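Asks: no sequence on hand, only this structure:
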């Protein structure tokens, strides 16, 4: 059977790991905002990857893109066996509307909890009560419309599936790009020392890795405070952040810790997730991730697959997915996170054993191979029998 012809409608940026995986299971065309595609590193990463993908650039900002994507889909929708829409809000609306009009199966893919993430803006005082209420109403309306029109919704992990299923009864669990368990792997102590030298990282200090962008739903403040507490109790730790907002992270560290923070806080641009990132996990002693809201948290899965212990906030998908494999702490509790960081440093064999149990969990449930095998099966089910695809692919 020939590969399904799939149009991937992207409303913002997307991960190169998902694009390359998609290109291997379908004949892929990607429609993406032109400005984002050109200004981010996605264009260069796609070209370097050799992935077989046709990219159609859609002009305009939010409003213009909405109308331009609608017109584009009116012309092109029937060129494809199905359409895959990023997330479940405004960017997907053109896809689900045109899909229903043209009778082309449409799948939405939910990777974040929209309402919960939006509420974090209010918690951070980035918007007032009235704007929050209006925003939540619009978000729920879009999720309801897209949920009714979509042939299927795929949600990242069990926590997000429960949320998505309230709006779309034809919801299945997805694994997004999964974890490449060959690339993300444990290393011996001798290799770890070599990696630190190659990456110009401190050779002997306890390296805590924060592999996360800085955005409203994340909680880098708690990680910074927790590391400061652990240091005050004798742990010779440094905190390393990689991400697109690494300069914002450095500014935040200066605001919270003053000039002295520069002696123990490191930050660098995001590393390529398929060729560079694993080395940073492998060179670290522990991963820390604090969030106000979280759909899943793939960084802890990647860390554990490298045998690196993870200390994370017990919220959303982190709590639902990592219990028993990561050290979980209450939300916005730097004292509790500091205690777990100290425990990892003082119980390294036990902490590594827990992380390696997490690796087995990832191999079993979250591998890259499983992620795209499941998605390929979903594509085939939707393509072959769009009217009854909900009956052919299990939702749990």
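Replies: In hand now; what should we look at? Predicted model, so just to flag it, every value in this text is computed and none were measured.
Asks: got any ranges where this structure has weak pLDDT?
Replies: Applying pLDDT under 70 to the chain picks out residues 1, 385-396.
Asks: please, which helix or strand holds the nearest residue to residue 140 once chain neighbours are set aside?
Replies: Counting by C-beta to C-beta, 6 or more residues apart in numbering, residue 115 is the residue found nearest to residue 140 once chain neighbours are left out, at 6.8 Å. Where C-beta positions appear, they are placed from N, C-alpha and C, glycine not excepted. Per DSSP states H and E: residue 115 is located in helix 114-123.
Asks: which strands and helices lie in contact with that helix?
Replies: Applying 3 or more C-beta pairs under 8 Å, 6 or more residues apart in numbering; DSSP states H and E, we find helix 114-123 packed against helix 129-149.
Asks: could I get the buried residue list for the helix it packs on?
Replies: 132, 135, 139, 142-143, 145-147, 149 (16 or more other C-beta atoms under 10 Å).
Asks: how many residues are close by residue 308?
Replies: 30 (other C-beta atoms under 10 Å).
Asks: make that residue 349, sorry
Replies: For residue 349, using other C-beta under 10 Å, the count is 7.
Asks: any idea which helix or strand carries it?
Replies: Per DSSP H and E: helix 348-365 holds residue 349.
Asks: show the subsequent helix or strand relative to that helix.
Replies: helix 368-384.
Asks: now that following helix: buried residues?
Replies: 368, 370-372, 374-376, 378-383.
Asks: save these as CSV, and put in distance to residue 276 too.
Replies: As requested, the buried residues of helix 368-384 are exported to CSV (distance: C-beta to C-beta, whole Å):
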residue, distance to residue 276
368, 17
370, 24
371, 21
372, 22
374, 27
375, 25
376, 28
378, 31
379, 30
380, 34
381, 36
382, 35
383, 36
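Asks: starting at the chain centroid, how far to the helix holding residue 115?
Replies: Counting by C-alpha atoms, centre = their mean, to the nearest Å, helix 114-123 is centred 17 Å from the centre of its parent chain.
Asks: pull out the buried residues from it.
Replies: By 16+ other C-beta under 10 Å, the buried positions in helix 114-123 come out as 114, 116-122.
Asks: now that helix against helix 129-149, angle please.
Replies: Interaxial angle, helix 114-123 versus helix 129-149 (axes from the mean of the first three to the mean of the last three C-alpha atoms, to 10 degrees): 170 degrees.
Asks: mark out where each domain of this structure begins and ends.
Replies: 5-176+367-392, 189-365 (automatic domain parsing).
Asks: returning to that earlier point: mind putting the buried residues of helix 114-123 in a markdown table, distance to residue 275 included?
Replies: Formatted as a markdown table, the buried residues of helix 114-123 follow (distance: C-beta to C-beta, whole Å):
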| residue | distance to residue 275 |
| --- | --- |
| 114 | 32 |
| 116 | 33 |
| 117 | 29 |
| 118 | 34 |
| 119 | 36 |
| 120 | 32 |
| 121 | 34 |
| 122 | 38 |
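Asks: beta partners of residue 156?
Replies: Note on residue 156: beta-bridge partners by DSSP bridges are residue 174.
Asks: distance of it from residue 316?
Replies: 11 Å (C-beta to C-beta, to the nearest Å).
Asks: just residue 218 next, same as before
Replies: Taking C-beta to C-beta, one finds residue 218 at 12 Å from residue 316.
Asks: what sits in contact with each of those two?
Replies: Shared contacts of residue 218 and residue 316 (C-beta atoms under 8 Å, 6 or more residues apart in numbering): residue 291.
Asks: how about the strands in the chain?
Replies: 5-9, 27-33, 53-58, 82-86, 106-110, 152-156, 171-174, 206-211, 237-242, 265-268, 286-289, 310-313, 327-329 (DSSP state E).
Asks: can you list the ones you listed in TSV and add mean neighbour count and distance to residue 184?
Replies: Shown next, in TSV, are the strands of the chain (neighbours: other C-beta atoms under 10 Å; distance: least, C-beta to C-beta, whole Å):
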stretch	mean neighbour count	distance to residue 184
strand 5-9	23	25
strand 27-33	23	24
strand 53-58	17	24
strand 82-86	25	24
strand 106-110	28	22
strand 152-156	27	18
strand 171-174	23	19
strand 206-211	24	11
strand 237-242	23	15
strand 265-268	20	19
strand 286-289	28	12
strand 310-313	28	13
strand 327-329	22	19
